[in-house]
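Trainee: Structural data only, the sequence is not supplied:
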């Protein structure tokens, strides 16, 4: 996936206390993504932009019609490093 397309898929990080706990405890990132993006596109975008291995992606659509992706990284990668790169920490 091209870098420009990857940034179109990932809109912004979701910064809440619960999302921070997921980063620390579960090695997961919580991202707001394009409503049209599927799990494979989210996985490819994260792998392209941050050069990590994604273990699993879960998505849900919020009541405000936005799509939220929960991205679990492989144990060899640290979600805290990505969160710092995104400016969440």
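Mentor: Nice, thanks for sending it over. Not measured: the values here are computed from a predicted model.
Trainee: And what about the closest residue to residue 6 other than its chain neighbours, helix, strand or coil?
Mentor: For residue 6, ignoring the flanking residues on the chain, the nearest one in space by CB to CB, 6 or more residues apart in numbering is residue 45 at 3.9 Å. Glycine gets a C-beta too; all of them are placed from N, C-alpha and C. Reducing the assignment to helix, strand or coil with DSSP: H, G, I helix; E, B strand; the rest coil, the entry for residue 45 is helix.
Trainee: Okay, helices next: where are they in the chain?
Mentor: Secondary structure of the chain by DSSP state H: the helices cover 3-9, 17-26, 39-50, 79-86.
Trainee: Return the most buried member of these.
Mentor: Comparing those by mean neighbour count (mean count of other CB atoms under 10 Å), helix 39-50 comes out on top with a mean of 19.
Trainee: Give me the contact list for it.
Mentor: Judged by CB atoms under 8 Å, 6 or more residues apart in numbering, the contacts made with helix 39-50 from elsewhere in the structure are 1-3, 5-7, 9-10, 29, 31, 33, 37, 52-54, 57-59, 69, 71, 82, 85.
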